[in-house]
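[1] Pasting the sequence and the predicted model now:
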Amino acid sequence: ETGVTQSPTHLIKTRGQQVTLRCSSQSGHNTVSWYQQALGQGPQFIFQYYREEENGRGNFPPRFSGLQFPNYSSELNVNALELDDSALYLCAGGPPNTGELFFGEGSRLTVL
Amino acid sequence: DAKTTQPPSMDCAEGRAANLPCNHSTISGNEYVYWYRQIHSQGPQYIIHGLKNNETNEMASLIITEDRKSSTLILPHATLRDTAVYYCIVRVGSLIQGAQKLVFGQGTRLTINP
């Protein structure tokens, strides 16, 4: 039990659509980050949020955006979905001054 | 790109110690070594991390060479539930302003055999 929950667990979209993925973290996890994991690959860092502001971003286009809320929840939004966006999306939370990240089980997105 | 090199796969007998190597020859003085594992269809799980001293917790031990260019994760008594992909990651240690970026490589797929 990591204290990080994600929804939905699975979803299917078509190319060009938009998707919102949600993450809820436990109290004290005031940093949150999102990762994309393609099949057979390691997770790739998308971005991180701290105190509701983005303060780090990986090599992902602007159509990947996010929000962090005061209640330790967050969202990942992806616009204009492409086939290559099919992946497992992982949310990770943690307190700001430790090396431990707590990952959720992920949301598996399939784009047709 | 990941700053670590790991063997793609390893096997270990149940009950024996599993020793997973990692090379990080370009590690900087302020970078820590972190280990995570990912069991099939689950999110990555933090195992252990260290800077230069050997570390041990309830899950594993981490041995870092004196020159810090390589390390070994040791699972002392491997069980079938330890079958997973193990990732070795180097990164700046303290989470300054929430810096949570981890650069995952391909990891080592560890299979524990009965």
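    Arrived safely, thanks for sending. What you see is a predicted model; the values in this text were computed from it and never measured.
[2] Give me the most central residue, the chain.
    In the absence of a named chain, chain A is used. A:Trp34 (3.3 Å; CA atoms, centre = their mean).
[3] nope, chain B please
    The centre of chain B sits closest to B:Trp35, judged by CA atoms, centre = their mean, with a distance of 2.9 Å.
[4] about what we covered before: okay, the residue nearest to the centre of chain A and A:Pro61: tell me how far apart.
    Computed with CB to CB, to the nearest Å, the distance linking A:Trp34 and A:Pro61 is 14 Å. Heads up, the C-betas are built off the backbone N, CA and C, glycines and all.
[5] picking that back up, which secondary structure state is assigned to the residue nearest to the residue nearest to the centre of chain A when sequence neighbours are not counted?
    Using CB to CB, 6 or more residues apart in numbering or on different chains and skipping residues adjacent in sequence, the residue nearest A:Trp34 is A:Ile46, 4.4 Å away. Assigned with DSSP: H, G, I helix; E, B strand; the rest coil, A:Ile46 falls in the strand class.
[6] Isn't A:Ile46 up against A:Pro61?
    No - using CB atoms under 8 Å, A:Ile46 is not in contact with A:Pro61; the gap is 10.4 Å.
[7] Comparing the two, which shows the higher neighbour count?
    Using other CB atoms under 10 Å in any protein chain shown as the criterion, A:Ile46 and A:Pro61 rank with A:Ile46 on top: 23 against 10.
[8] Pull up the per-residue confidence for that one.
    You'll see A:Ile46 listed with a pLDDT of 95.
[9] For it, list the residues it contacts.
    A:Ser33, A:Trp34, A:Tyr35, A:Gln36, A:Arg57, A:Gly58, A:Phe60, A:Phe64, A:Gly66, A:Leu76 (CB atoms under 8 Å, 6 or more residues apart in numbering or on different chains).
[10] Is it possible to get a markdown table of these that adds pLDDT and secondary structure?
    Formatted as a markdown table, the contacts of A:Ile46 follow (pLDDT from 0 to 100; DSSP: H, G, I helix; E, B strand; the rest coil):
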| residue | pLDDT | secondary structure |
| --- | --- | --- |
| A:Ser33 | 91 | strand |
| A:Trp34 | 95 | strand |
| A:Tyr35 | 95 | strand |
| A:Gln36 | 97 | strand |
| A:Arg57 | 89 | strand |
| A:Gly58 | 90 | coil |
| A:Phe60 | 96 | coil |
| A:Phe64 | 98 | strand |
| A:Gly66 | 96 | strand |
| A:Leu76 | 98 | strand |
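[11] Can you tell me which of these are buried?
    Among those, those classed as buried by 16 or more other CB atoms under 10 Å in any protein chain shown are A:Ser33, A:Trp34, A:Tyr35, A:Gln36, A:Gly58, A:Phe64, A:Gly66, A:Leu76.
[12] count of neighbours near the closest residue to the last one other than its chain neighbours?
    Read it as A:Leu76. Spatial nearest neighbour of A:Leu76, excluding adjacent residues (CB to CB, 6+ apart): A:Leu21 at 4.5 Å. By the criterion of other CB under 10 Å, A:Leu21 has 22 neighbours.
[13] List the contacts of A:Leu21.
    A:Gln6, A:Ser7, A:Pro8, A:Glu75, A:Leu76, A:Asn77, A:Val78, A:Tyr89, A:Cys91, A:Ser107, A:Leu109.
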